[in-house]
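K.L.:
Got a sequence here, can you model it:
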Amino acid sequence: MEVGYFTPRQAERVWEATKAFEKGTKGRASDEKPITPTPISFVNKGTTAIPAYGCIQIVGTEEIGGRNYLQVSRPFDYTQSVMGPFLLNGPNEVEVDDLGTAQWGPIYRAISDGSAYTTGTRFGPLADAYTVGKGSVFTYLGEDDVETDCVRLIACETPLLAIAGSGGIPANSSGTVTAKQPAAGNWTSGSVTYTAWCPTSTPISANATVMIFPVDAKWVAVEIC
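P.N.:
So this is what the prediction gives:
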């Protein structure tokens, strides 16, 4: 069985939980083997320590002591021709070149930018930070009190129906859109705004109805004719 990497604090917590379990539960023989998920182990290749529950980006892999580890850094890394996916660190800080373990999900803890949000708001990594805010990779579920500004998220990359702002979206540039709000029988005007990009040489009209799609942790807008 592959053994996962644990920090001293993680090992201590596992040991304390084991002792508590043995004291309060009577074991019994069984042929059933528990299924243990393979740890999502990584090495911090960035220039700063990754905080507990920090958002990180995969940039490659590295073999250390006969095991392969994911290389991660602070979002965003554009050095590859494709965007590396994102993970959320576990409950321990990870220093530069140290090893850590990411969360499995599907419900994640993350550190937000500290703003107030409504359940259902789409979230994503923020530039040059380990925090998350409005974006297109996760959906905000609510607050969590284990750390300052800690929130609960679930992975979600479905498109949204939205309305472009009064200035539209210029060609090959970005603009503000307002997500439509679901209602009985149809959609109605919403209040949650996002930044979306027009990736073509044709601008998007003012107040146009658009679909926004998550692409490389950004929203890409397509006008609905």
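K.L.:
thinking Asp144 is in contact with Arg109, fair?
P.N.:
Yes: shown here, Asp144 and Arg109 form a contact pair, counting by C-beta atoms under 8 Å, at 5.6 Å. All C-beta atoms are positioned from the backbone trio N, CA, C, and that covers glycine.
K.L.:
Overlap of the contact sets of those two?
P.N.:
150-152 (C-beta atoms under 8 Å, 6 or more residues apart in numbering).
K.L.:
now, among the residues you listed, which is nearest to Asp113?
P.N.:
The closest of those to Asp113 turns out to be Val151 (C-beta to C-beta; 9.8 Å).
K.L.:
Now go through the shared contacts of Asp144 and Arg109 and say which are in strands.
P.N.:
Taking DSSP state E as the definition of strands, the shared contacts of Asp144 and Arg109 contribute 150-152.
K.L.:
Quick one: which of these is the most crowded by neighbours?
P.N.:
Compared across these, Val151 has the highest neighbour count, 24 neighbours, by other C-beta atoms under 10 Å.
K.L.:
how close does that residue sit to Thr121?
P.N.:
10 Å (C-beta to C-beta, to the nearest Å).
K.L.:
Overlap in contacts, those two.
P.N.:
Tyr140.
K.L.:
Include pLDDT when you put the ones in strands among the shared contacts of Asp144 and Arg109 into CSV, please.
P.N.:
Formatted as CSV, those follow (pLDDT from 0 to 100):
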residue, pLDDT
Cys150, 98
Val151, 98
Arg152, 98
